[in-house]
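K.L.:
Take this sequence and fold it.
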Amino acid sequence: MRVSSAFLKTTCFTILVPGTVAVGIPQLLTRWRPYPRLPISERTGRVLGTFSIVAGGVVYVHTAFRFGSKGGTPSPTDEPDDLVTGGLYAHSRNPMYVGVVLVIVGQALRRRSTSILWWAAGAWIGFHNRVIGYEEPHLAEKHGDAYEQYRERVPRWISRP
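P.N.:
Have a look, this model is predicted:
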């Protein structure tokens with residue numbers, strides 16, 4: 001029962017938080033600041049943007065599933081008790097944020113929007129600051145040596161080749 005409850009809460013959280021950051025705000029920016037456009041063709045933007053949105057969505061769903069299968073959610077108020085280190089978390093300590101930024105970048109490309117691209121950069125900076133200022137110290141305190149060993153093994157953002 002705990003796992004199904006976690007998936008329901010994850011769905012609600014996803015609609016409210018990443019949904020707002022990755023979909024709602026870019027939609028508003030499209031209406032508010034449609035110009036200037038990125039200097040790419042409409043077709044190129046559509047193809048690259050779709051790829052980025054799909055990749056980001058798959059990454060986010062995978063990571064949210066990892067949290068849910070551990071009985072928690074992506075919400076900082078309802079995190080899993082165990083440290084999540086499997087799947088994409090074996091290659092990046094923060095793949096969920098990477099997925100959200102990929103969705104935002106994908107929308108910027110599809111709409112050829114500089115405003116949405118700036119939003120993606122701002123979101124990335126905000127995520128980075130949150131990870132460094134809150135999440136890493138919190139996880140180090142909660143999980144101790146297990147987190148420190150994980151931190152030494154796995155990069156913060158993008159996996160090494």
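K.L.:
going forward, measure contacts and count neighbours with C-alpha atoms only.
P.N.:
Noted.
K.L.:
Same question for stretch 134-154: list its buried residues.
P.N.:
136, 147, 150, 154 (16 or more other Cα atoms under 10 Å).
K.L.:
close enough to count as contact, the second one and His138?
P.N.:
What it means is Tyr147. No - in this structure Tyr147 lies outside contact range of His138 using Cα atoms under 8 Å: 10.1 Å.
K.L.:
For the residue sitting nearest the centre point of the chain, which residues are in contact?
P.N.:
By Cα atoms, centre = their mean, the mean C-alpha position of the chain lies nearest to Tyr97, the distance being 2.4 Å. Neighbour list for Tyr97: 60, 124, 127 [criterion: Cα atoms under 8 Å, 6 or more residues apart in numbering].
K.L.:
Would you confirm that the first one contacts Leu102?
P.N.:
Spelled out, that is Tyr60. No - Tyr60 lies out of contact with Leu102 (Cα under 8 Å); the separation is 9.6 Å.
K.L.:
Run through the strands of this structure in chain order.
P.N.:
Secondary structure of the chain (DSSP state E): no strands located.
K.L.:
Going by length in residues, pull out the top helix of it.
P.N.:
helix 42-69 (DSSP state H).
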